[in-house]
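**Student:** coords please:
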Amino acid sequence: MIGFGVRPFGASKLRPDGRFVDLCRLLPCLALACLLLAGCEKQLPTEYGRRSGPSGTQSVNGLGVLASMLEQAGHEVSTARWLSPSVAEKADVIVWAPDSTDPPTSAVRDWFDDWFYQGGGKTLIYIGRDYDAETTYWQKMLPDAPEDERAEIERRLQKARASQSFRRRVVADKTDCDWFTVQTGQSHRDLRTLEGDESWLADVDPSKVEIEQDNRLIPAEDAEILLASGDNVLVSQQDIGFGRLIIVSNGSFLLNLPLVNHEHRKLAGKLIDLFDPHCNVVFLETETSSPPIHEKDPQTQTRGGLDILGVEPLNRVFLHLAVLGIIFCFARLPIFGRPRPLPTPLTSDFGQHVEAVGDLLAKTGDSSYAAARLLHYQQSARHETSSGPSRGSTSKR
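**Tutor:** Below you'll find the model as predicted:
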């Protein structure tokens, strides 16, 4: 099983009151620990490159922990799903981890070039899609798994490896763009040595890192190498206009699951230290290497009452409530037909008087009293019958 010790973090900041603050808060790590301890009974969240929503905090491939580190460092964090004038104006730093192995399209690179030339020291962090934490998760779960779960974990591990292998094969053998070159066909490497800028290597134990690499992102010739392992470039930066482009080869030390490793949190802290204080950091969430580009900001539409039926999981809740409502309506279904008046009860029916008196006597709950009243009535009725009216009497009206 994977350990979750949260220790003082190498890139910690100092609060005004003098207390050190760990950039990687305990809450995201505990949320990730619950995922790892849950076993393989439930579906493992694997959405890639998301910062917002449940995917950002629960997925092994999410960026929620990195976003939390940025917030604890004093930066403002938000999310965008397209490129627009408001994003260009607001963002000081854009973090982009597309769920695609293809390099950014020329239209997207042109948008970012214009953004770099706006001034203000804009920074783009591009994270290559050459790593999937799902494979790492099942690899770490397998040794300590119960015997009855090992076969299922092995099956899921092989499935994750096959998916990752297919994703890498769809990239051309050598794909060039203005920012970098994607070089494929390389053997898998587990990197346990680090080289580069001294500020990146300080307080980091390379023997404890768990960085992986298959495809390579070779930066431009004028790029500065910040972190490498032998001839494998991990982090580089190059100046474009008044801004800079930071290329990270993959997310093997920036995604949620890898950040459980203490040394990886240190490296993530080194990346955060490159930012100016109190930046507006925007996470660009896209499934392709070509996010939508809008010349004008899309109008935010207010949801109507019926739009809630299309929101997960409320649509399922309302569906069940609708079924229960239909069942209730059938249970209370009235008898339909032509209306007709009910018969009017006769007030001259003496039997109804007898029934009413009987109901009143029954409500008393006293059988002796009811029997006494009945006997009294019978005696009175016999007395009146035996005496009868006197002869010669006249009735008055």
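**Student:** Which parts of the stretch 1-150 of the chain are strands?
**Tutor:** Assigned by DSSP state E, counting those that start in this stretch, the stretch 1-150 of the chain shows strands spanning 13-14, 20-21, 76-80, 93-96, 123-127.
**Student:** Make JSON lines out of those and add distance to A151, mean pLDDT and mean neighbour count.
**Tutor:** Every residue, glycine included, has its C-beta placed from N, CA and C. Shown next, in JSON lines, are these (distance: least, CB to CB, whole Å; pLDDT from 0 to 100; neighbours: other CB atoms under 10 Å):
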{"stretch": "strand 13-14", "distance to A151": "46", "mean pLDDT": "37", "mean neighbour count": "12"}
{"stretch": "strand 20-21", "distance to A151": "44", "mean pLDDT": "38", "mean neighbour count": "12"}
{"stretch": "strand 76-80", "distance to A151": "39", "mean pLDDT": "95", "mean neighbour count": "17"}
{"stretch": "strand 93-96", "distance to A151": "38", "mean pLDDT": "97", "mean neighbour count": "24"}
{"stretch": "strand 123-127", "distance to A151": "34", "mean pLDDT": "97", "mean neighbour count": "22"}
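**Student:** Compare those and give me the one nearest D349.
**Tutor:** strand 76-80 (79.6 Å; CB to CB).
**Student:** Tell me the strands beside that closest one, with direction?
**Tutor:** strand 280-284 (parallel) (DSSP bridges).
**Student:** Now the partner strand: buried residues?
**Tutor:** Residues of strand 280-284 classed as buried by neighbour count (16 or more other CB atoms under 10 Å): V281, V282, F283, L284.
**Student:** In three-state terms, label I218 for me.
**Tutor:** strand (DSSP: H, G, I helix; E, B strand; the rest coil).
**Student:** biggest helix in this protein, by residue count?
**Tutor:** helix 147-169 (DSSP state H).
**Student:** still on that earlier bit, specify which member of the buried residues of strand 280-284 is nearest to E147.
**Tutor:** F283 (41.0 Å).
**Student:** separation between the closest residue to the closest one other than its chain neighbours and H278?
**Tutor:** Among residues not flanking F283 along the chain, R51 sits closest, at 3.9 Å (CB to CB, 6 or more residues apart in numbering). Relative to H278, R51 is positioned 19 Å away (CB to CB, to the nearest Å).
**Student:** And for L124?
**Tutor:** 19 Å.
**Student:** I'd like the mean pLDDT over the longest strand belonging to the chain, please.
**Tutor:** The longest strand of the chain (DSSP state E) is strand 232-240. Strand 232-240 comes out with an average pLDDT of 95.
**Student:** Mind putting the strands of the stretch 1-150 of the chain into TSV with distance to H264?
**Tutor:** Compiled in TSV, the strands of the stretch 1-150 of the chain are given as follows (distance: least, CB to CB, whole Å):
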stretch	distance to H264
strand 13-14	18
strand 20-21	19
strand 76-80	19
strand 93-96	16
strand 123-127	13
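**Student:** Okay, now the unreliable bits of the chain?
**Tutor:** In the predicted model, the chain carries pLDDT under 70 at residues 1-42, 168-175, 300-312, 335-336, 384-397.
**Student:** can you do 80?
**Tutor:** 1-42, 165-176, 184-186, 299-315, 332-340, 342-350, 381-397 (pLDDT under 80).
**Student:** residue boundaries of the helices in it?
**Tutor:** 26-37, 53-58, 64-72, 85-90, 106-116, 133-141, 147-169, 198-201, 262-272, 314-331, 350-364, 367-387.
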